[in-house]
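> Quick one, fold the following:
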Amino acid sequence: MLILTATQKCAVYIAPVDMFGNTAQVDGAPVWASSDEAIVTVVAAPDGLSVEVLTTGVVGSAQVSVTADADLGAGVTALTGLLDITVIAGAAVNLALAATAPVEK
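Here you go, the predicted model:
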C-alpha cells in the first residue's frame, strides 16, 4: 500500500521479471488506470512502463492497476498488477474554532 498526502504525487513503474527473477519484456505498452479518478489520476509515460500518480486533493482510497501482454508473439497473455493507494490530509495550516450550541448552566 502507498500512502500520499492530498498534495503529493509519485512515480510508479513496472519491472517485469521471468519465472527465474530475470528482467523480462512485455509486448507493447502496458495500460494503466485509476479505480477512482476523483482521488488519484495516472499519467502514463510514452513507453507505458511507468506513470505519474497525481492526487486530486480529495482524501480517500483508490487502486492503480496496470495490464501488460507477457506474450512476445502474436498471442496475448495478460498480466495485471495492482497498487492500493490511500490519500490522507496534509499538515495543518490553520486552526478552525467551533462551538457547540449554547445551553443553560
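> going forward, measure contacts and count neighbours with C-alpha atoms only.
Noted.
> number of nearby residues for the nearest residue to residue 8 once chain neighbours are set aside?
Once its chain neighbours are removed from consideration, residue 8 has its nearest residue in residue 55; the separation is 6.1 Å (C-alpha to C-alpha, 6 or more residues apart in numbering). Neighbour count for residue 55, taken as other C-alpha atoms under 10 Å: 24.
> strand partners of the helix or strand where residue 4 lies, parallel vs antiparallel please.
Element membership of residue 4, judged by DSSP states H and E, is strand 2-5. With DSSP bridges as the criterion, the sheet partners recorded for strand 2-5 are strand 78-88 (parallel).
> can I get the CA coordinates of the strand it pairs with in CSV?
As requested, C-alpha coordinates have been extracted for strand 78-88 and formatted as CSV (Å, rounded to 0.1, in the frame of the first residue of the first chain):
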residue,chain,number,x,y,z
ALA,A,78,-2.4,-10.6,-19.8
LEU,A,79,-0.6,-9.8,-16.6
THR,A,80,-2.2,-7.4,-14.1
GLY,A,81,-0.7,-5.6,-11.3
LEU,A,82,-2.5,-3.6,-8.5
LEU,A,83,-1.4,-0.9,-6.1
ASP,A,84,-3.6,0.3,-3.3
ILE,A,85,-3.3,4.0,-2.5
THR,A,86,-4.6,5.9,0.5
VAL,A,87,-4.7,9.7,0.3
ILE,A,88,-4.7,11.4,3.7
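> So what touches that strand?
1-6, 39, 55, 58-71 (C-alpha atoms under 8 Å, 6 or more residues apart in numbering).
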